[in-house]
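Participant: Everything below, folded, please.
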Amino acid sequence: MYNERETSLHLLTTSNQAIWHSSLLSKEKMLILPDAATDIIIKKKKSSMEIVFCGAMKKAAMIESEEKIDYWGFRFKLGHGSQFFNFSMEETLDQIVEISQYFEKNKIEDLTEFPEINSLKIEQEISKYLLKKINSNQYQESIRKINYLAKMNFGDISKCAVSEKISRRQLSRIFKIYFGYSTRDLTQTRKLNRLVKLSQCKNTTSLSDLAIKSGYYDQSDMNKSIKNLCGFTPKELMFQLYNTT
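Facilitator: Numbers count the residues shown, from 1 in each chain. Presented below is the predicted three-dimensional model:
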């Protein structure tokens, strides 16, 4: 089960992509694909709760649990998570960072007994910390730069470096500070997610056509990229997405 909504707090619309909730039943499997997002995630089991920052993923992950788990998440827009924490985004690639110390954990723990009903209240508790970080002109300027860089694809960085009057290496370093990974990684992740979205359409065509429409050079290029990101061939990935129980 998965659902998401837009933030209800106007001041956070700048950096929030979605508020989401998901449940994983006992013995159930869930395939998580890289999507370039970073999230604050509350993970609630029967006897424990964690609040973590989940960095951008470079590799797909399969989650399975021996017990029911509820997840509540605050998903940041691309690169925006870098503005709220002191740790490096590169350090969080394919990692989670414990951040319970920033929040009133006991209050949130009570609210997560019914995460769907209390979603707005949980958001408000998380937002108390986040809102302290965005009342500055420096934040607004950083967001403008992040949004500009987020539009780049692999191959654009040299052109952008010239326009910014800095070296390609400097711009690559700045990009990793905000996003944690390179423009090459971002481009491959975008192609993967475009492929998945197109595969859900009723008029889905052959894999070779999907490859071109998703931005890959050809089917061979797609096969190599998907294997690297997910550990599956495209056909195996489709099976996992639509047949995993």
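
Participant: How is the nearest residue to Glu50 once chain neighbours are set aside assigned, secondary-structure-wise?
Facilitator: Leaving aside its chain neighbours, Glu50 sits nearest to Lys43 (4.6 Å; criterion: CB to CB, 6 or more residues apart in numbering). From N, CA and C alone the C-beta is placed, and that goes for glycine too. Recorded secondary structure, Lys43: strand (DSSP: H, G, I helix; E, B strand; the rest coil).

Participant: swap in Trp72?
Facilitator: Three-state call for Trp72 (three-state DSSP): strand.

Participant: what's across from it in the sheet?
Facilitator: Bridge pairing for Trp72 (DSSP bridges) gives the partners His21, Ile42.

Participant: my read: it touches Glu50, true?
Facilitator: No. Between Trp72 and Glu50 there is no contact under CB atoms under 8 Å: 11.3 Å.

Participant: got any residues that touch both of these two?
Facilitator: Ile42 (CB atoms under 8 Å, 6 or more residues apart in numbering).

Participant: Give me the more crowded residue out of those two.
Facilitator: Trp72 (25 against 14; other CB atoms under 10 Å).

Participant: Contacts only, for the more buried one.
Facilitator: For Trp72, the contact set (CB under 8 Å, 6+ apart) comprises Ile19, Trp20, His21, Ile41, Ile42, Lys44, Thr112, Pro115, Ser119, Ile122.

Participant: So which residues of this protein form helices?
Facilitator: 105-111, 119-131, 137-150, 157-164, 168-179, 183-199, 207-214, 219-230, 234-243 (DSSP state H).

Participant: Could you pull out the buried residues of the fifth one?
Facilitator: Put plainly, it is helix 168-179. The neighbour-count check on helix 168-179 (16 or more other CB atoms under 10 Å) flags Leu171, Ser172, Ile174, Phe175, Lys176, Tyr178, Phe179 as buried.

Participant: Local confidence estimate at Ile174?
Facilitator: The per-residue pLDDT reported for Ile174 equals 91.

Participant: nope, Met1 is what I meant
Facilitator: For Met1, pLDDT reads 77.

Participant: Could you check how many residues crowd around the residue lying closest to Asn3 once chain neighbours are set aside?
Facilitator: Among residues not flanking Asn3 along the chain, His21 sits closest, at 5.8 Å (CB to CB, 6+ apart). Using other CB under 10 Å, His21 is surrounded by 18 other residues.

Participant: Was I right to think His21 contacts Arg75?
Facilitator: No. Contact criterion CB under 8 Å: His21 and Arg75 do not qualify, at 11.4 Å.

Participant: Which neighbours do these two have in common?
Facilitator: In contact with both His21 and Arg75: Glu4, using CB under 8 Å, 6+ apart.

Participant: Tell me the pLDDT of the residue nearest to Glu50.
Facilitator: 93.

Participant: Thr204 now?
Facilitator: pLDDT for Thr204: 65.

Participant: okay, now the domains of this structure?
Facilitator: Annotated domains of the chain cover 2-131, 183-243 [automatic domain parsing].

Participant: Just the terminal-to-terminal distance for the shortest one.
Facilitator: Think domain 183-243. End-to-end distance of domain 183-243 (CA to CA, to the nearest Å): 32 Å.
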